[in-house]
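A.B. asks: I need the structure of the sequence given here:
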Amino acid sequence: MATSMRGLTQFIADIRGARVRELEEKRINKEMANIRKKFKEECLTSVHRYVAKIIFTYILGYKADVGHMEAVNLISSTKYSEKQIGYLAVTLLMHENSDFLRLVVNSIRKDLESNNEVDNCLALHAIANVGGAEMAEALAEDVHRLLISPTSQTFVKKKAALTLLRLYRKHPEVIQSAEWALRIVSIMDDHDLGVVICVTSLIMALAQDHLDAYSVCYTKAVDRLHKLVIGHEYAATYAYYKVPSPWLQVKLLRLLQYYPPSEDAAVRSALHQVLQTIMANCAEPSKNVQHNNAQHAVLFEAIGLAIHLDTNSPLVGTAAILLARFISSKETNVRYLGLDTMAHLAARAESLEPIKKHQATIIMSLRDKDISVRRRALDLLYSMCDSDNSELIVGELLRYLKVADYALREEMVLKVAILTEKYATSYKWYVDTILQLISAAGDHVGDEVWYRVVQIVINTEDLQEYAAKVAFEHLKAPSTHESLVKVGGYILGEYGHLIANEPGYSPAEQFQLLHSKSQFCVAATRSLLLTTYVKWVNVFPEIKPQLVNIFDRYRHVLDAELQQRACEYFALASRPEDDDFLPNVCEEMPPFPPRVSALLGRLNRKHGDTEGDKRTWIHGGKEANLDKKAIETKVVASDSNGQADPSDIMGSLAGLDLSAPGNSAAAAPEQGSSKPPRAAVGPSIDKWLEKLTYHGEGVLYEDVQIQVGIKSRYQGHMGQVAIYLGNKIPPNTIDARSQSQQLLNIECKKFFSQPPILTLSYLAGSHQTVSLKLPVTITKFFEHVKLDQADFFERWKLIGGAPREAQSVFPIDLAPSGQLDLKKHKEGRIDPNPNNIVAAGVLHMSLDGKVGCLLRLEPNQDAKLCRLTCRSTSEEVSAEVLKLISKPLTAARRPPQS
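C.D. replies: Down below sits the predicted model:
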């Protein structure tokens, strides 16, 4: 083999010896030219040598555009070395939709049917790695046949089981899960534990979707556990630090949690004995770290199964004692698993008293150095909260919220809002707590939270006057979040008249306070405030002139929604005083019908299933788990058909959301829309688009007939794009050498990475159509934020690294003087290194709110390299901003000179 691959060895040595990238590319181009020449020869021998070089080149990151057909032919070879190279090339060079894959299906099937187990394994590797829908449909039965065949070797069975698992995860429709159930489950009795582990992994995936068909696996799993734990029936090679096959034990214990407890007394007794033995084995920790890890992995899954079977059993009492020890452990992983398993116990237990004994330790875990432990502590506090300790837990969460990680804040806000509503001792405490919540973490408060506050205030007459006072007091703060302005605006608009006669709450003071906040709000919030003002016109005639003046000013704004509301409200306010139309329109909102809170539905969507394992319980106490099936049904129905269910925000609060009037209309075309039109491409078009990505005006498209120009401006989440259409041919609708202007109002609702496409149709001799990408990117909706050095680096550290950090390193040019060719002038020295450049901004989105973003550019003069780092509270935003900003910097590089 070494002799036959001498050319490859020399090629690799040459590549490694290349001192600069240009020499490496030169050597590779030379070799690729030689390979193309060799492939044209009719009687070429040793094709696999050249394909191996192509594979190596591809692994280095270079494009491989030759050798595909040769790789397909190598698969049919009878020599192992050639067949291996062929399969390796197919799995690396071809994607699952490649046309070449159709040519290898028959060769793969032939290898699956071969009596040579090595050929079987090569074919299974290829199916698992490439595994497109067409290949899966053609070969799934052959893989299944190989799995259940009594003549298959053990390592072939293992690979066949894992290949089926891979195909099921990618294309579940091609696997005949129910029909194959009995034959697959029977392999759990195989004498080889390696085969049993692989088959159990497959059954875990299949059983989650076909519980009844695979129910026979329950007794087999209990029997295998009994043999491992009690009977010690296993080969010595499967003992990991004296723990019998911990991976298999964990899988079997998890599999049993998918099914209700067995009614067979013998099965229950055997399972109880297994769990008792596992817990007894872990009573005393070992000094060996690996032994402890293996035992703990099995123990935590056993505790989960014991909780699933019966929360009142003595086993669960023993488990609670063990968990109390684990949540105080010095090992981070043990603390994490202890908190997670205790949350499972809290979600199922009849009594929370055993868990409440350790409440102080759990609260301290909120300040653990590891964020995953902090997240599990939050989940546990949420699950163990009840009417007795709700005020204490909610108070602790509110205090921690001010210093919590950005990644935790949104989830904390949801949980605090749910607990406050669920265990409120009085409605006044509820309103106080929610308004504190919005003040402390406004950027992370979803619209569902303040919608729910408004709904409860409207439905509770005794609360309305108090809520108006509290909202007014919160608005007095120098810095007020927009969500608080929305709550205050809505409540004061409905019930401000109830406090208007008290000192300090006069109509003029209410108006001045609320209007002073409007200048810092986006258009959606201003729209809501206009509705508040028109209600005040009805109940506060003394401030009517000021309100009418505001309506008059807003009739001329660019935002269409604001303009429409202002015109309508101006007309209403200008009607005669004896007209009853305005009082009828501005009547108080009637009570909302009782509905399920939308907060629970959103929280359950956040805690979804992982790819390979569906959750058998949810956070939130016993009541939440009793309703788990109903909640899942609602979530699935909502996600699958797009219909509003009772827990949906807009369904539960019909008529309340005044901020997004076009949502339903805008969403409707998406459900039945076809693929977007293909945008025009070309060197000039790409150059024009790239220029407009970073500038406000310029040419977007030009040919012999028309010219399309762009002029744009953006503020907050809104943008206005003026499109100038120029005619370059004899006149028709647009005069020759003249232009027509079209205005587009653009709103950024959520994160996006693909620009919108504009399609123009016109007659120029015949019907012509051109589709163009508009230069609308996520960076257009950023607003600059000025920070000093301390604030910048404090936020930089809070956001942290991956996954909310994106980074790129690229070469840079130096000025003729040998210095860095970068803009040096900056307002103050923010970064300690004077050559570095930093930036800060906020992305505005009407639905998803605001996202902070920090940027740091670090040039290195000696290495002629530059590192660009982007950190954001959203990992999607970080990656997209990095891509957009690094593009012009990278494109500015000069081509290498020969």
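A.B. asks: who does the lengthiest helix in the chain touch, helix- and strand-wise?
C.D. replies: In the chain, taking DSSP state H as the definition, the longest helix is helix 289-309. Applying 3 or more CB pairs under 8 Å, 6 or more residues apart in numbering; DSSP states H and E, we find helix 289-309 packed against strand 243-244, helix 246-256, helix 265-281, helix 314-326, helix 332-348. C-beta coordinates here come from the backbone N, C-alpha and C atoms, glycine included.
A.B. asks: for Asn34, find the nearest of the ones you listed.
C.D. replies: helix 246-256 (48.2 Å; CB to CB).
A.B. asks: now the closest one: mean pLDDT?
C.D. replies: Per-residue pLDDT over helix 246-256 has a mean of 94.
A.B. asks: residues in contact with that helix: which ones?
C.D. replies: Helix 246-256 is contacted from outside by 193, 196-197, 200-201, 203-204, 207, 217-218, 221-222, 224-225, 228-229, 238, 240, 243, 271, 278, 294-295, 297-298, 301-302, 304-305, 308, 613, using CB atoms under 8 Å, 6 or more residues apart in numbering.
A.B. asks: what subset of these is buried?
C.D. replies: Buried members of those, scored by 16 or more other CB atoms under 10 Å, are 193, 196-197, 200-201, 203-204, 207, 217-218, 221-222, 224-225, 228-229, 238, 240, 243, 271, 278, 294-295, 297-298, 301-302, 304-305, 308.
A.B. asks: check the burial of the residue lying closest to Phe592 once chain neighbours are set aside by counting its neighbours.
C.D. replies: Computed as CB to CB, 6 or more residues apart in numbering, the closest residue to Phe592 that is not its neighbour in sequence is Gln455, at 5.0 Å. Counted by other CB atoms under 10 Å, the residues lying close to Gln455 total 21.
A.B. asks: separation between Gln455 and Lys535?
C.D. replies: 18 Å (CB to CB, to the nearest Å).
A.B. asks: now swap in Arg375 and tell me
C.D. replies: Here Arg375 is placed at a distance of 43 Å from Lys535 (CB to CB).
A.B. asks: go on, Ala221?
C.D. replies: Ala221 is 64 Å from Lys535, by CB to CB.
A.B. asks: same check on Glu353?
C.D. replies: 50 Å.
A.B. asks: who has more neighbours, these two?
C.D. replies: Lys535 (24 against 10).
A.B. asks: which of the helices or strands spans that one?
C.D. replies: Secondary structure from DSSP states H and E places Lys535 in helix 523-539.
A.B. asks: can you name every helix or strand that whatever helix or strand comes next after that helix contacts?
C.D. replies: Scanning forward in sequence from helix 523-539 by DSSP H and E, the next helix or strand is helix 544-554. For helix 544-554, the packing partners by 3+ CB pairs under 8 Å, 6+ apart come out as helix 507-518, helix 523-539, helix 560-573.
A.B. asks: buried residues in helix 544-554?
C.D. replies: Lys544, Gln546, Leu547, Val548, Ile550, Phe551, Tyr554.
A.B. asks: tell me what angle that helix forms with helix 507-518.
C.D. replies: 20 degrees (axes from the mean of the first three to the mean of the last three CA atoms, to 10 degrees).
A.B. asks: tell me the confidence at His767?
C.D. replies: Turning to His767, the model gives it a pLDDT of 65.
A.B. asks: again but with Ser640, I slipped
C.D. replies: What the model reports for Ser640 is a pLDDT of 41.
A.B. asks: leaving out sequence neighbours, find the closest residue to Ser245.
C.D. replies: Closest residue to Ser245 apart from its sequence neighbours, by CB to CB, 6+ apart: Tyr238 at 4.4 Å.
A.B. asks: repeat that for Lys157.
C.D. replies: Of all residues not flanking Lys157 in the chain, Val195 sits nearest, at 4.9 Å (CB to CB, 6+ apart).
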